[in-house]
Structure formats: C-alpha cells, structure tokens
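Peer 1: Predicted structure and sequence below. I'll ask about it afterward.
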Amino acid sequence: MAKQPATIFVCQSCGGQSRKWVGQCPDCSEWNTMVEERFRVTAQAAAAASGGFAARFTQTSPVPFAEIESQDDSRVASGIEELDRVLGGGIVAGSLVLIGGAPGIGKSTIVIQMADHLSRNGGKVLYVSGEESERQIKMRGERLGLQAENLFILPETNLQNVVAETEKLRPNFVIVDSIQTIFSAKIESAPGSVSQVREVAHEFMMFAKQTGTPVFLTGHVTKEGSIAGPKTLEHIVDTVIYFEGDRHHNHRIIRATKNRFGAANEIGIFEMTNTGLVAVGNPSEVFLQERPEGASGSVVTVCMEGTRPMLVEVQALVSGNKSASGRRMAQGFDYNRASLLIAVLEKRLGFQLAGDDVFVNIAGGLEVDEPAADLGVIAAIASSFRNLQIPPETAVFGEVGLTGEVRGVLQAQARAREAQTLGFKKLIIPASNKTGLEKLLGTRVVGVKNLEEALDELF
C-alpha cells in the first residue's frame, strides 16, 4: 500500500519548517507565513525526481591548495561593460548568479542582451523561459535588434525536462527566467514556494559546479524589495545582483550585494532605450546634467559606490510650517541619519529648525548610505535655510559627528580626482584627508575640522 504524502508547514519568509501549523514562525518570528506543503515519498515520485543534476554528482577527493589551478584570468566578458564591472571583471566558470528586481525594471532585457553578446562570440547559450513563449522572446529580440545565432530558447517549467534538454545540448551558458516558475516533480507544492525555489536553486548549483557552466537566474522580489523565496537562496548562489531605480524613469542601477568573485556593492548604470539597456560610461555627468543654476539648497558631494567615485547632487528644502513641529522627509538618504544631522545643526550651530519642514533628496534616484555624504546634506540644509546659494563649482564630502566635528573618510584621493576631472574648482573636505591633495591642478582643496569652518568656507 502506497504511503500517504507527508505534510509539513513551511515558512514562506525564512524557510523554517514545523510539523503543525503555528501563527508565528519560530525561526524568524514572522506572522501568518506558515503554508502547508506535502512531500510525496512513493517510489514513483522518487523515480520522477531521479533525473536531477544532483544525482549525477560524482564523489570527489581532497586536493592540496597549492595544486589547484587559478582561474582568475579565465573570466569571460559578457559583452556589457557595466555588467562585467558589477560581476568583478567578467563571468567566472561554474558561477551561479541571481538577478533580482521589480517587474518591468529590465531583468529579462539585460539577460537576453547578454545572451546575444555571448552567442556572437561563439558560445552556446540555453535560455530557459518559464514565463514567455519562444515567439514572445523572438518578438522582444527583434525589437532589440539581436542576432543570437547560437541562442537556444526552451519554454519549460519542469526541472526534470530542463535537466534532460541541458544534457542533450551541453550549452556553455544557461539562463533561467525565472527561478520562481521552475518546479521539481519531487515536491508537490506549487512553483515559487520556499521548498520548490530551494530545491531548484540547489539543482542548478550542482550543475554549475559539476560542469563549470555559468548559470544566471532571474528572481521576483517581494513588496519589501527582497528576492522572493527563502534567504537560503541568496546563500546558495555565488553572486546576487539587484536592479534599483523606478521603472517609470529611464535610468537603471544594478548593484552587487554579494559577490564571491569581486567587490560587493559595486554598481553599474544603464539607460533604458528602445533598443534595450545602454551602459552609461560616466554616471557623474548623468546625475549632474540637470542641476539648477542659482538655486539655494543644492550642493554636490562625492560618494563611493564599490570602487567607483561618483558625484551626486544633494538637494534640501526648508520651509515654514504653521504647526508646532515640522516634518522630516528624506529620499535617497537614510531618514534617521537626516534627523540626526538636523539635530546637530540645531544644537551646535543654533539653527532654529524645530518648526520648519525639512526635505532632503538625492537627485537622480541614487541611494546614498555612506557617512561621507553627511557634510553635503548639512550644507544643502543650511543653504536652503539661509536662502544662500553655494558656488556651483564647489563640492564637499565628509562625515559629521555628534559634536559637530568633520571626520575623515576613506578613498579621499579617488573622490578628489573625480571632482577635479569634472571641473570643480573648490573642494571642502575633512582636514585629516587634505594630506597629499594639495597638488590637484586647478582645484583648491580646503580642509575643515568642524561645521563652523565648513559653513564659513561655503558662504
């Protein structure tokens, strides 16, 4: 007599399991995330699932570290320069890359463009589509002007069928769009559930490591902005890339939040056009090209995104409020950090901002989360409060402490050289970072120790 399916309850947030339903997950403390899933333990199900990549994984033996050949120089260019930067210099053999982002932001566009470049260079690319038919992909490819001679489209959602076709074709690269649509016959739960996503990701990980074939997975995101599925999904893969930006605007930002083969938090800038995503070579010019002239509350600061310095415009608006307490809003900058800097202005410099509304914005849609932008935020707020313009050829950067001191930041030379390249004539930076920057041709470097000195130089 066949055994009945085993029933467990799986948390859709963290992947935690329980034999019975509970209102709160005991692992992550989230409420109402436990969903019933059944695992078939019959011989038929075991036979259906025996065609996975993991079943073909051969036993290995320990290898001395000194005898392992380095493959750092064997990266393959994706054909998209900004994507190669985010990946750490190119595609590594046997890597598993997860690309996440909101619907319509450009995940499918960038992977199909990458597939076109790889196939033109002689690589055989298998594109597994669980959401679109081959004709839909063909229409998008024609709109983007792709040739893709060695690109093979497989509209399939069954993992075992994908495994069989992959062994027949033996591609050099595999793209799965998206992982939430692929399901394994071993698990009875619906595609996209925690158990299915974890099982499918593990199978593709085994395939990538066993054959040395790079695999790219696209993933949906939740309303909170994180990739849907268990957090273990991000631990399984080698690289996690997020798409940022508003899909209603032209510019897209891809950021590596995890990378085993390069620097994390590296970003790439793209512009969405009718012919697909176009890499932006100099993002500083893009973020500053519409900067207003002669307006108060605007200043340029230099932030580091990975290894790349970028100049961004910080805007602030201080307006009167008839109520007793003013509002605080921040876009592109941490709200709590902005409130802290406003408190420093009130306490250390005597600014009366308690009854005013204060709005802070990073122009261009960029998210800035490093302390070096503190001085720029304070300068923009002070400029709007006093209604005084900051000279347009002045840039600032520096961390601000609670006592009003201006602290040094990392990679000051790279920041200063980026400002010099774009023609800025004056830099206001922490005094501790001034050493070695006196020889910047055409740029005056001013080191300040506290906010009083900084505002005296600005106004």
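Peer 2: Okay, I see it. Numbering: from 1, shown residues only.
Peer 1: biggest helix in this structure by residues?
Peer 2: helix 194-211 (DSSP state H).
Peer 1: where's it relative to the chain centroid, distance-wise?
Peer 2: Helix 194-211 has its C-alpha centroid displaced from the chain centroid by 22 Å (C-alpha atoms, centre = their mean, to the nearest Å).
Peer 1: Give the buried residues for that helix.
Peer 2: 194-209, 211 (16 or more other C-beta atoms under 10 Å). In short, each C-beta sits where N, CA and C put it, glycine included.
Peer 1: On the C-terminal side of it, identify the next helix or strand.
Peer 2: strand 215-219 (DSSP states H and E).
Peer 1: what angle separates that following strand from helix 194-211?
Peer 2: Computed by axes from the mean of the first three to the mean of the last three C-alpha atoms, to 10 degrees, the angle separating strand 215-219 from helix 194-211 equals 160 degrees.
Peer 1: Which other helices and strands does strand 215-219 contact?
Peer 2: The contact analysis (3 or more C-beta pairs under 8 Å, 6 or more residues apart in numbering; DSSP states H and E) places strand 215-219 against strand 96-100, helix 107-120, strand 173-177, helix 194-211.
Peer 1: C-terminal to it, what's the next element?
Peer 2: Past strand 215-219, the next helix or strand by DSSP H and E is helix 232-236.
Peer 1: ok, residues contacting that following helix?
Peer 2: 15, 96, 98, 179, 197-198, 201-202, 205, 219, 227, 240, 258 (C-beta atoms under 8 Å, 6 or more residues apart in numbering).
Peer 1: Over to stretch 361-370?
Peer 2: 244-246, 249, 251, 253, 286-287, 290-291, 303-304, 310, 312-317, 330-334, 409.
Peer 1: Quick one: end-to-end length of that stretch, please.
Peer 2: Using C-alpha to C-alpha, to the nearest Å, one end of stretch 361-370 lies 15 Å from the other.
Peer 1: Stretch 262-279 now?
Peer 2: End-to-end distance (C-alpha to C-alpha), stretch 262-279: 20 Å.
Peer 1: same deal with stretch 143-155?
Peer 2: 20 Å.
Peer 1: Need the contact partners of that stretch.
Peer 2: Here stretch 143-155 has contacts from 109, 112-113, 115-116, 119-120, 122-130, 132-134, 137-138, 141, 162, 165, 169, 171, 274-276, using C-beta under 8 Å, 6+ apart.
Peer 1: and if you look at stretch 401-419?
Peer 2: Contacts for stretch 401-419 (C-beta under 8 Å, 6+ apart): 284, 300, 302, 304, 309-311, 340, 344, 348-349, 370-372, 375, 395, 397-400, 427, 429-433, 436-437, 440, 443, 445, 448-454.
Peer 1: Residue 326 is nearest to which of the helices and strands packed on strand 215-219?
Peer 2: strand 96-100 (36.8 Å; C-beta to C-beta).
Peer 1: Quick one: work out the angle between that closest one and strand 215-219.
Peer 2: Using the same axes, to 10 degrees: strand 96-100 against strand 215-219 is 20 degrees.
Peer 1: list the helices and strands strand 96-100 packs on?
Peer 2: helix 107-120, helix 194-211, strand 215-219, helix 232-236, strand 239-244.
Peer 1: Would you mind giving the ones you listed as a markdown table with distance to residue 91 and mean pLDDT added?
Peer 2: Below are the helices and strands packed on strand 96-100 laid out as a markdown table (distance: least, C-beta to C-beta, whole Å; pLDDT from 0 to 100):
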| stretch | distance to residue 91 | mean pLDDT |
| --- | --- | --- |
| helix 107-120 | 8 | 92 |
| helix 194-211 | 11 | 89 |
| strand 215-219 | 9 | 93 |
| helix 232-236 | 18 | 83 |
| strand 239-244 | 10 | 90 |
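Peer 1: Could you dump the ones you listed into JSON lines with distance to residue 154 added?
Peer 2: Supplementary listing: the helices and strands packed on strand 96-100 in JSON lines, determined by distance: least, C-beta to C-beta, whole Å:
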{"stretch": "helix 107-120", "distance to residue 154": "12"}
{"stretch": "helix 194-211", "distance to residue 154": "14"}
{"stretch": "strand 215-219", "distance to residue 154": "14"}
{"stretch": "helix 232-236", "distance to residue 154": "22"}
{"stretch": "strand 239-244", "distance to residue 154": "23"}
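Peer 1: Of those, give the one that comes closest to residue 354.
Peer 2: strand 239-244 (33.8 Å).
Peer 1: Which SSE is immediately downstream of the closest one?
Peer 2: Strand 239-244 is succeeded, C-terminally, by strand 251-259 (DSSP H and E).
Peer 1: Just the C-alpha atoms of that next one, please, in PDB.
Peer 2: What follows is strand 251-259 as a C-alpha-only set of coordinates in PDB (Å, rounded to 0.1, in the frame of the first residue of the first chain):
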ATOM      1  CA  HIS A 251      17.900  55.100 -15.700                       C
ATOM      2  CA  ARG A 252      18.600  51.700 -14.100                       C
ATOM      3  CA  ILE A 253      21.200  50.800 -11.400                       C
ATOM      4  CA  ILE A 254      22.400  47.300 -10.900                       C
ATOM      5  CA  ARG A 255      24.200  46.600  -7.600                       C
ATOM      6  CA  ALA A 256      26.000  43.500  -6.400                       C
ATOM      7  CA  THR A 257      25.000  42.900  -2.800                       C
ATOM      8  CA  LYS A 258      27.000  39.600  -2.700                       C
ATOM      9  CA  ASN A 259      29.900  38.600  -4.900                       C
END
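Peer 1: Can you give the contact residues for that strand?
Peer 2: By C-beta under 8 Å, 6+ apart, strand 251-259 touches 82-83, 86-88, 99, 105-106, 110, 234, 237-245, 262-272, 277, 280, 286, 305-306, 364-366.
Peer 1: Could I get the buried residue list for stretch 425-445?
Peer 2: For stretch 425-445, by 16+ other C-beta under 10 Å, it's 426-431, 433-434, 437, 440, 443, 445.
Peer 1: do the same with stretch 289-306
Peer 2: Quick answer for stretch 289-306 (16+ other C-beta under 10 Å): 291, 296-306.
Peer 1: cool, and stretch 145-163?
Peer 2: Result for stretch 145-163 [16+ other C-beta under 10 Å]: buried residues 146, 148, 150-154, 156, 158-160, 162-163.
Peer 1: May I see the buried residues of the longest strand seen in the chain?
Peer 2: Using DSSP state E, we find that the single longest strand of the chain is strand 308-320. Buried residues in strand 308-320, counted by 16+ other C-beta under 10 Å: 308-318.
Peer 1: And for stretch 102-116?
Peer 2: Quick answer for stretch 102-116 (16+ other C-beta under 10 Å): 102, 105-116.
Peer 1: All good on my end, thank you.
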